[in-house]
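In: starting from these lines, generate the structure:
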Amino acid sequence: MEENFSHNEEDALSELVGRFEKMVQEEQRFFFDSDEFIEIIDFYLMNNQKEKLKLALELARAYFPLNIELEIREAQWNILNNKKEKALSQLQSLHDVYPDNADVLLSMAAIYSEMNKHPDAILFLEQALEVDENPEHVLLSLAMEYQQIGHFRKAVSVLKRLLAMRPDDDFVLNELAHVFDSAKRYDESIRFFTRFIDDHPFSSFAWFHLGNAYSGQKKYNDALEAYDYTLAVDPEFSSAIFNRGHVFLNIGKHDLAVKCFEETMEIEGRDEGTLYFIGEAWFAMGDMDKARQYYLESLELDANYVDARIGLAYVYNDKDDFESALQHIELAILAESTNSEAHQLKGDVLLNLDRFDDAITALRKSVLLDPQNVDAWLILSEAHLHKSGFEEAFEIISEAERSLEEIGLLLYRKAVYLFDAGKLKEGELVLLEALSIDATELDSFFEYNEELRKNAHINEIIANFTKNH
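Out: Model (predicted):
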């Protein structure tokens, strides 16, 4: 019955708009009451049909010059045409006369939001919440405004209140998950969605967001389990399949990642992002030819897809085809000049070509764009080592220590430099510091200088540390 009612409403609206357009086309005069004009105007507003909207407004205002709903629509028309100050003046006049009119308050909030005056928008939304008989759409707007000014707690509180009213509304659930993710509040997200699932065990979106929260915490087994439950509820939930692929990439199960990405494309169709990630999986498995194939397929769909272009440059760099790598990385930078990784890779390629000054310039650009790019700092120090020797390379490491928040990898490289320079006691202290910060990155120490694996003293340091920790 509800579906039939909805269809009947749509048919009635279509007939109403058709009658108005026939009147205009045939230059006749049909009668429309104020409510009918508002329906016609709202239809044109929703569909952004500006010329027809303008004409409907002019006729409606001529017939009903004192109708407040039409005055509000006229202000909305001015907002639509970027006449914000005029709209604000109109709405302020209406607010002076009708201070408790919910539509006026909501329109005031909308225009202040458009003007990036979010605290003012919030003020009017809070007033609207007190007088609006249907507060749900007000709560959603209020949550959006709190997000704009970074008031995480208030946004979450409003969305939870809204979700209590509309527990089956996946849009609200997704917005709440977005707030948790943006603030990186994964613990809180896990607690909320776990409790929500207790009451709504068949909510595929709740399971999906729980999986994302676990993934954000690098609790990959828990994430996979949550995605499995998502797919048990909805086997074609493509985002869950795609995110499972990401988890498999992160835990080194690259063949399973490929299967997930291929399954995603069976549901969603081929797209440049999924093709790129298949390329990433093949790259991680060391199959450069397959990686190249998928990066190229991604670029066929979007020639400016920067990640695929960078991936292709990595492939050529790995194959020692440095000129081709440089060509592709220049195209990536042309498409996105502020991409720190692109400048980092350019520096690495130039270093491989023994173009030390050019490499240093590119790497300086990389760390300027992203001071937390540890790989760029490490390659920059290496470029200085090749150009000028130990002292300058060591200075770069010291500079990086002042910039980076996580310095574990940096300390392993610093220890290598010290051992190579014969400063054994200093090297030992730095190596112990690196081990205490992140022992899982020890391989990076040996990868830079394989000869150190044979050093009995270093092996003894590592063995003693492992024994005592």
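
In: looking only at pLDDT, what's the mean for the helix or strand that contains residue 69?
Out: If you go by DSSP states H and E, residue 69 is part of helix 68-80. Averaging pLDDT along helix 68-80 gives 81.

In: what helices and strands are in contact with it?
Out: With contacts defined as 3 or more Cβ pairs under 8 Å, 6 or more residues apart in numbering; DSSP states H and E, the packing partners of helix 68-80 are helix 34-46, helix 50-63, helix 84-97, helix 102-114. C-betas here are computed from N, CA, C, even on glycine.

In: pull the distance from the helix or strand encompassing residue 349 to the chain's centre.
Out: Using DSSP H and E, residue 349 falls within helix 340-352. Averaging C-alpha positions (Cα atoms, centre = their mean, to the nearest Å) puts helix 340-352 25 Å from its chain's average.

In: what's that helix packed up against?
Out: So helix 340-352, by 3+ Cβ pairs under 8 Å, 6+ apart, packs with helix 306-318, helix 322-335, helix 356-369, helix 374-388.

In: low-confidence ranges, the protein, go.
Out: By pLDDT under 70, the low-scoring segments of the chain are 1-9, 11.

In: for the helix holding residue 69, buried residues please.
Out: Judged by neighbour count (16 or more other Cβ atoms under 10 Å), helix 68-80 contains these buried residues: 69-79.

In: turn those residues into CSV, including distance to residue 437.
Out: As requested, these are arranged in CSV below (distance: Cβ to Cβ, whole Å):
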residue, distance to residue 437
69, 64
70, 67
71, 64
72, 60
73, 62
74, 63
75, 59
76, 57
77, 60
78, 58
79, 53
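
In: list the contacts for the spatially closest residue to residue 120 that is not a sequence neighbour?
Out: The shortest distance from residue 120 to any non-neighbouring residue, by Cβ to Cβ, 6 or more residues apart in numbering, is to residue 112 (4.1 Å). Shown in contact with residue 112 (Cβ atoms under 8 Å, 6 or more residues apart in numbering): 118, 120-121, 124.

In: ok, now how distant is residue 112 from residue 361?
Out: Per Cβ to Cβ, to the nearest Å, residue 112 is found 46 Å from residue 361.

In: check residue 346 too.
Out: 9 Å.

In: could you do residue 347 as well?
Out: Applying Cβ to Cβ, the value for residue 347 to residue 361 is 8 Å.

In: do the same with residue 134
Out: Counting by Cβ to Cβ, the gap from residue 134 to residue 361 is 59 Å.

In: before we move on, the earlier item: more neighbours, residue 347 and residue 361?
Out: residue 347 (29 against 16; other Cβ atoms under 10 Å).

In: for the spatially most central residue of the chain, give me phi and psi.
Out: Closest residue to the average C-alpha location of the chain: residue 182 at 8.3 Å, with Cα atoms, centre = their mean. Residue 182 adopts backbone torsions of phi -60, psi -40, taken as degrees, to the nearest 10.

In: tell me the contacts of it?
Out: If a contact means Cβ under 8 Å, 6+ apart, then residue 182 has 147, 152 as its contacts.

In: next one: residue 92
Out: By Cβ under 8 Å, 6+ apart, the contact set of residue 92 is residue 108.

In: how close does it sit to residue 250?
Out: Distance from residue 92 to residue 250, counting by Cβ to Cβ: 53 Å.

In: show me where the stretch 101-250 of the chain has helices.
Out: Ranges of helices in the stretch 101-250 of the chain, per DSSP state H, counting those that start in this stretch, are 102-114, 118-131, 136-148, 152-165, 170-182, 186-199, 204-216, 220-233, 238-250.

In: do you know which of those lies nearest residue 386?
Out: Each of the helices of the stretch 101-250 of the chain was scored for nearness to residue 386 using Cβ to Cβ, and the closest is helix 238-250 (32.7 Å).

In: quick revisit: quick one, which of the helices and strands packed on helix 340-352 is nearest to residue 54?
Out: helix 322-335 (39.5 Å).

In: relative orientation of the closest one and helix 306-318 in degrees?
Out: Counting by axes from the mean of the first three to the mean of the last three Cα atoms, to 10 degrees, helix 322-335 points 160 degrees away from the direction of helix 306-318.

In: output helix 322-335 as PDB, restricted to C-alpha atoms.
Out: Provided in PDB are the C-alpha atoms of helix 322-335 (Å, rounded to 0.1, in the frame of the first residue of the first chain):
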ATOM      1  CA  PHE A 322      65.700   4.100 -15.200                       C
ATOM      2  CA  GLU A 323      64.900   6.300 -18.100                       C
ATOM      3  CA  SER A 324      61.400   4.800 -18.600                       C
ATOM      4  CA  ALA A 325      60.900   5.000 -14.800                       C
ATOM      5  CA  LEU A 326      61.800   8.700 -14.900                       C
ATOM      6  CA  GLN A 327      59.500   9.300 -17.900                       C
ATOM      7  CA  HIS A 328      56.500   7.900 -15.900                       C
ATOM      8  CA  ILE A 329      57.300   9.600 -12.700                       C
ATOM      9  CA  GLU A 330      57.500  12.900 -14.500                       C
ATOM     10  CA  LEU A 331      54.000  12.300 -15.900                       C
ATOM     11  CA  ALA A 332      52.800  11.500 -12.300                       C
ATOM     12  CA  ILE A 333      54.200  14.800 -11.000                       C
ATOM     13  CA  LEU A 334      52.600  16.600 -13.900                       C
ATOM     14  CA  ALA A 335      49.200  15.200 -12.900                       C
END
